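Q: I need the structure of the sequence given here:
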Amino acid sequence: MYSRQLKYLELVLKNNAVPHALLFYGSDFDYKINLAKDFFVKINKVEDKKQIINETHPDTLFISREEDKKEIGIAQIRRLKDFVALTPNHLKQKGVFIKEAEYLNEEAWNALLKTLEEPIGNTIIFIFASNVKNIPKTIISRVVGLPFYNEDILHKNLSLKDDIIMGKLCSIEKLLWSERIDFAEEIAKKENFFPLLDTWLIKLRIEVLTGSNQIDKVKFIENLAEAKNLLISTNVNTRLVLENLFLKI
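A: As a prediction, the model looks like this:
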């Protein structure tokens with residue numbers, strides 16, 4: 001279960017290529033939080049991880065809805081900004097963990113965006129959400145998204161049709177030109193195809209980190225990320241963007 005996601009996290013650690021911000025989205029909330037904590041422990045090579053697990057370590061900041069609030073407000077994100085500016089006390093890198101990120105209000109998202117636009121090397125930001133529907137596209141374009149669904153027993157976040165599409169994406173170079181154009185139209189009709197693109201990006205990043213067809217894959221990852229950001233940030237024709245992307249392979 002989650003084999004691609006776990007492999008990716010393992011490889012970024014091994015290659016010292018940890019992103020400055022990660023978005024964990026999907027079901028199984030406790031699993032995602034615990035996985036992120038364990039990953040953070042490994043980044044810092046901490047032997048005693050109790051404080052991190054218990055969310056009490058001074059080099060970590062955990063943000064979630066306050067008991068009497070329906071939203072995560074700008075005041076909490078301002079505390080994040082102040083925390084990010086500090087030098088770590090004990091650890092190599094500080095960690096920010098934003099739970100239930102879909103509950104950030106507009107002001108809070110705008111404040112977080114400014115932090116993501118100017119990342120600080122000694123802090124890693126983990127963002128958790130049940131889905132990406134309520135996450136601003138400007139945020140999605142600045143983080144590495146990790147969708148969490150069961151790849152072996154199809155989860156509710158991926159339908160059987162989505163699983164077939166994922167298989168075609170991973171072997172798209174085998175499709176004829178005409179088939180790629182038809183495939184682009186099929187994906188463009190989906191209401192939310194970003195989890196599929198994120199999963200595809202994870203696969204390609206794993207191939208790069210393991211040294212498989214590195215030069216070609218790096219270039220295509222750049223093309224895919226650029227296409228994704230274009231789709232997120234503009235009203236460009238989705239089908240045409242995907243057609244252009246698929247024909248570059």
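Q: tell me which helix or strand residue 17 sits in.
A: Assessed by DSSP states H and E, residue 17 sits outside every helix and strand.
Q: can you get me a residue count around the residue nearest to it when sequence neighbours are not counted?
A: Excluding the flanking residues, the one nearest residue 17 by CB to CB, 6 or more residues apart in numbering is residue 209, at 7.0 Å. Any C-beta I mention is one placed from the backbone N, CA and C, and that applies to glycine too. Residues lying near residue 209 (other CB atoms under 10 Å) number 18.
Q: where does this structure dip in pLDDT?
A: Residue ranges of the chain with pLDDT under 70: 1, 149-163, 212-215, 233.
Q: tell me where it has helices.
A: 3-14, 29-44, 50-53, 74-84, 106-117, 137-140, 160-170, 177-188, 194-209, 214-233, 238-246 (DSSP state H).
Q: will you turn those helices into a markdown table that also has distance to residue 125?
A: Formatted as a markdown table, the helices of the chain follow (distance: least, CB to CB, whole Å):
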| stretch | distance to residue 125 |
| --- | --- |
| helix 3-14 | 15 |
| helix 29-44 | 10 |
| helix 50-53 | 15 |
| helix 74-84 | 8 |
| helix 106-117 | 7 |
| helix 137-140 | 10 |
| helix 160-170 | 27 |
| helix 177-188 | 29 |
| helix 194-209 | 17 |
| helix 214-233 | 18 |
| helix 238-246 | 28 |
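Q: the nearest residue to residue 80 once chain neighbours are set aside: neighbour count?
A: Once flanking residues are discounted, residue 80 sits nearest to residue 96: 5.7 Å by CB to CB, 6+ apart. Using other CB under 10 Å, residue 96 has 23 neighbouring residues.
Q: so which residue is smack in the middle of this structure?
A: The chain has residue 145 as the residue nearest its centroid, 1.4 Å off, counting by CA atoms, centre = their mean.
Q: look up how far residue 166 lies from the closest residue to that one other than its chain neighbours.
A: Nearest non-adjacent residue to residue 145, counting by CB to CB, 6+ apart: residue 198, 4.0 Å away. Using CB to CB, to the nearest Å, residue 198 is found at 11 Å from residue 166.
Q: which of the two has more neighbours?
A: residue 198 (21 against 16).
Q: could you measure that one against residue 3, distance?
A: Residue 198 is 15 Å from residue 3, where distance means CB to CB.
Q: now residue 86
A: 36 Å.
Q: neighbour-wise, which of those two wins?
A: More crowded of residue 86 and residue 3, by other CB under 10 Å: residue 86, with 14 against 10.
Q: so residue 5 sits right up against residue 202, yeah?
A: Yes. In this structure, residue 5 is within contact of residue 202 by CB atoms under 8 Å, at 6.6 Å.
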